[in-house]
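J.: please work out how this folds:
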Amino acid sequence: MAADHAGHSANTPALRLMNLALHGLFFTLLAVLLARGLLDGTLGGLGGALTVGLGAVYAAGGSAERIRTARRWAAGWLAAVIALWAALVLGHPEFGYLAFPLYFLCLHLMALRWALPSVLGLTAVVVAAQAGTVGGLTTAKVLGPLAGAAVALLTAYGYAALYQESRARKRLIDDLLWTRGRLAVSQRAAGQLAERQRLAREIHDTLAQGLSSIVLLARAAESALPADPATAALRIREVGQTAAENLAEARRFVHALTPPALDDATLSEALRRLAAGSGAVFRLDGEPCPLPVEAEVAVLRLTQEALANAVRHAQAARITVTLSYLDEAVTLDVYDDGVGFDPQAGPASASGQGGFGLHGMRERIAALGGTLSVESVRGEGTAVAVSLPLRVVGTAGNTHSRATGTVPAPGGERAARTGAVVR
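T.: Alright, predicted model coming up:
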C-alpha cells in the first residue's frame with residue numbers, strides 16, 4: 001500500500017492534498033507544543049534543540065530531491081525523524097501528539113509488512129512516555145494512543161481502497177478510450193473499403209462500359225471500310241456520341257452528381273432511351289412513383305450492365321426490359337433469348353474471363369434492401385430479375401442489409417425465361 005502511494009504521490013491530486021494536510025498538521029502541532037514549552041519553561045535547552053532539529057529534518061523531506069525520489073534516502077530520513085521524535089517524547093510526553101501524523105507518514109512510505117510494526121512501535125513509545133507522567137500509567141493513557149493508531153490505520157486503509165478503486169476506474173477509462181480509438185480506426189477502414197467498392201462499381205458501370213462500347217463501334221466502323229462508308233460514318237458518329245456521354249459520366253463521377261441520363265428525365269424515360277440504344281424493347285407496368293436517387297441510379301446502372309452483356313455476349317435476337325411498379329416493390333427484368341450460360345459454372349464461362357459486374361450489382365442492390373436473381377440455361381437465354389421493396393427504398397434509400405434469394409416472376413413471362421449474362 002505504502003509503496004503504491006509513494007510511487008504516485010507526484011501525479012495524484014488527492015494524494016498531494018493529503019500530503020499537504022499531513023505536513024501542515026505536523027508543523028502546526030510542533031509549533032503549538034514548542035510555544036507551550038517555551039512559555040511555561042518546561043522545554044529547556046535540550047528539548048528546544050530537539051524540537052528545532054525535528055522540524056528541520058522533517059522539512060528536509062519535502063525539499064531534498066533525493067529523499068523524495070530514492071527509497072533508501074527516504075528510509076533514512078524517516079528513521080531520523082522517528083528517532084528525534086522518540087528522544088523528544090520520552091523527555092516531554094506532550095509531544096506524543098505528533099504520533100498521529102507520524103502514523104500516516106509510516107503508512108504512506110513503508111510497505112505494509114513494515115508499516116504495521118512501526119505504528120505499533122510509535123504507540124508503544126507514547127504509552128511508555130505516558131507512564132512517567134503524574135498519576136502513572138492509566139487506562140485512559142493507554143487507550144488514547146491506541147485509539148489514535150486505530151483511527152490512523154482505518155483512515156489509511158479507507159483511502160487505500162478509494163485509491164485502488166480510482167486506479168481501476170482510470171484503467172477502465174483508458175481501455176474505453178483505446179477501444180474507441182480502435183473502433184474509429186476500424187470504422188475509417190470500413191468506410192475506405194466501402195468507398196473503394198463504390199468507386200469500383202461506378203467505374204465499371206460507367207467508364208468501363210462506355211469504353212467497351214467505343215471499342216465495339218470502332219471495330220464495326222473499321223470493318224465497314226472501304227465497302228460501306230455510310231455505315232462507317234454512322235458508327236464513327238456513334239463513337240463520338242458515346243465518348244461525349246462517357247465524358248459527362250466522368251464529370252458527374254468526379255462531382256458525385258446524378259447520372260446525366262436522369263438529369264432531365266424520369267427513370268422510365270431513361271430506361272426507355274437506354275433500351276432503344278441497345279435495340280431492346282422497353283415495357284412499363286404500373287403507375288410510376290418517385291424513388292430516391294440511390295435507387296434510380298442502381299436500377300439504371302444494372303440495366304446498363306445487363307444490356308451491355310446481352311449485346312456483347314448473348315448473341316440475342318430479342319432483348320426485353322420491363323420496369324414494374326407494384327404495390328410493395330419496384331421490379332426490373334432484363335430478358336434476352338441468346339446463348340445463355342451454365343449457372344453452376346458462372347457467367348465467366350460465357351467469355352472465359354472473370355468480371356466485376358455481377359458482384360457489384362448484387363452489392364448495389366443489397367445495399368438498398370433489394371434482391372437480385374440471375375437465371376440462365378444454355379441455348380435458351382438469360383434473365384436478370386431485381387426487386388426493390390418500396391418500404392425500404394422509400395424511407396432511407398441506403399439500407400445496409402444484405403439480402404439474397406430468387407425473385408419470383410411478376411408476370412407469366414419470367415417463369416419461362418432465364419437470366420442475362422452478367423459480367
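
J.: which stretches of this structure have low pLDDT?
T.: Low-confidence segments of the chain (pLDDT under 70): 1-12, 14-15, 195, 198, 205, 252-261, 263, 343-357, 392-423.

J.: which strands or helices does the longest helix along it pack on?
T.: Criterion DSSP state H: the longest helix present in the chain is helix 139-203. Contacts defined by 3 or more C-beta pairs under 8 Å, 6 or more residues apart in numbering; DSSP states H and E place helix 139-203 against helix 2-7, helix 13-40, helix 99-109, helix 112-131, helix 357-366. Quick note: C-beta positions are derived from backbone N, CA and C, even for glycine.

J.: please identify the most buried of those helices.
T.: Each of the helices and strands packed on helix 139-203 was given a mean neighbour count from mean count of other C-beta atoms under 10 Å, and the largest, a mean of 22, is that of helix 99-109.

J.: of all the helices and strands packed on helix 139-203, which one is nearest A243?
T.: The minimum distance between A243 and the helices and strands packed on helix 139-203 falls on helix 357-366, with 21.4 Å, by C-beta to C-beta.

J.: need the next SSE after the closest one, C-terminal direction.
T.: Next in sequence after helix 357-366, counting helices and strands by DSSP states H and E, comes strand 371-377.

J.: please save the CA atoms from that following strand in CSV.
T.: The C-alpha trace of strand 371-377 is given here as CSV (Å, rounded to 0.1, in the frame of the first residue of the first chain):
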residue,chain,number,x,y,z
THR,A,371,-32.7,-8.8,-54.1
LEU,A,372,-31.1,-9.8,-57.4
SER,A,373,-31.5,-13.2,-59.2
VAL,A,374,-29.8,-14.4,-62.3
GLU,A,375,-31.3,-17.3,-64.2
SER,A,376,-29.8,-18.9,-67.3
VAL,A,377,-29.9,-22.1,-69.4
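
J.: centre of the chain to stretch 155-175, how far?
T.: 27 Å (C-alpha atoms, centre = their mean, to the nearest Å).

J.: swap in stretch 203-218?
T.: With C-alpha atoms, centre = their mean as the basis, stretch 203-218 stands 40 Å off its chain's centre.

J.: cool, stretch 86-100 as well?
T.: The answer for stretch 86-100 is 60 Å, by C-alpha atoms, centre = their mean.

J.: repeat that for stretch 120-136.
T.: When C-alpha coordinates are averaged (C-alpha atoms, centre = their mean), stretch 120-136 and its chain have centres 63 Å apart.

J.: specify the local secondary structure of the residue lying closest to D285 once chain neighbours are set aside.
T.: Sequence neighbours aside, S324 is the residue nearest to D285 in space, at 4.1 Å (criterion: C-beta to C-beta, 6 or more residues apart in numbering). Counting by DSSP: H, G, I helix; E, B strand; the rest coil, the backbone at S324 sits in strand.

J.: I'd guessed S324 sits against P288; true?
T.: No: with contact defined as C-beta atoms under 8 Å, S324 does not reach P288; the gap is 10.2 Å.

J.: okay, the angle between the longest helix of the chain and helix 357-366?
T.: 130 degrees (axes from the mean of the first three to the mean of the last three C-alpha atoms, to 10 degrees).

J.: CA atoms only: put stretch 219-236 into CSV for me.
T.: Taking Å, rounded to 0.1, in the frame of the first residue of the first chain, the C-alpha atoms of stretch 219-236 are listed here in CSV:
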residue,chain,number,x,y,z
ARG,A,219,-14.3,-2.1,-84.8
ALA,A,220,-17.6,-2.0,-86.6
ALA,A,221,-16.6,1.2,-88.4
GLU,A,222,-13.3,-0.3,-89.4
SER,A,223,-14.9,-3.5,-90.8
ALA,A,224,-17.3,-1.3,-92.8
LEU,A,225,-14.5,0.4,-94.6
PRO,A,226,-14.0,0.8,-97.5
ALA,A,227,-17.0,-1.0,-98.8
ASP,A,228,-19.7,0.8,-96.8
PRO,A,229,-18.5,4.3,-95.9
ALA,A,230,-22.0,5.4,-94.9
THR,A,231,-22.2,2.7,-92.2
ALA,A,232,-18.7,3.6,-91.1
ALA,A,233,-19.6,7.2,-90.8
LEU,A,234,-22.7,6.3,-88.7
ARG,A,235,-20.5,4.2,-86.4
ILE,A,236,-18.0,7.0,-86.0
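
J.: buried stuff in it?
T.: Residues A220, A221, A224, A232, R235, I236 are the ones in stretch 219-236 that count as buried (16 or more other C-beta atoms under 10 Å).

J.: now do it: distance to the chain's middle.
T.: With C-alpha atoms, centre = their mean, you get 58 Å for stretch 219-236.

J.: after the longest helix of the chain, which helix or strand is next?
T.: Moving toward the C-terminus from helix 139-203, the next helix or strand (DSSP H and E) is helix 209-224.

J.: mind giving me the packing neighbours of the next helix or strand after that next one?
T.: Later in the chain than helix 209-224, the nearest helix or strand by DSSP H and E is helix 229-255. With contacts defined as 3+ C-beta pairs under 8 Å, 6+ apart, helix 229-255 has these neighbours: helix 209-224.

J.: quick one, the helix it packs on and helix 357-366 angle?
T.: Counting by the same axes, to 10 degrees, helix 209-224 lies at 140 degrees to helix 357-366.

J.: check which helices and strands helix 209-224 sits against.
T.: helix 229-255, helix 293-309.

J.: can you redo the ones you listed as CSV with distance to F100?
T.: Compiled in CSV, those are given as follows (distance: least, C-beta to C-beta, whole Å):
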stretch, distance to F100
helix 229-255, 77
helix 293-309, 74
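
J.: contacts only, for E222.
T.: A232 (C-beta atoms under 8 Å, 6 or more residues apart in numbering).

J.: for P101, see how far away T28 is.
T.: 9 Å (C-beta to C-beta, to the nearest Å).

J.: got it, and V239?
T.: Distance of V239 to P101, given as C-beta to C-beta: 96 Å.

J.: go on, G381?
T.: Taking C-beta to C-beta, one finds G381 at 96 Å from P101.

J.: ok, the residue lying closest to E238 once chain neighbours are set aside - how many residues close by?
T.: Leaving aside its chain neighbours, E238 sits nearest to L217 (5.0 Å; criterion: C-beta to C-beta, 6+ apart). Residues near L217, counting by other C-beta atoms under 10 Å, number 20.

J.: which ones are touching L217?
T.: Taking C-beta under 8 Å, 6+ apart as the criterion, L217 is in contact with R235, I236, E238, V239, T242.

J.: done for today, thanks.
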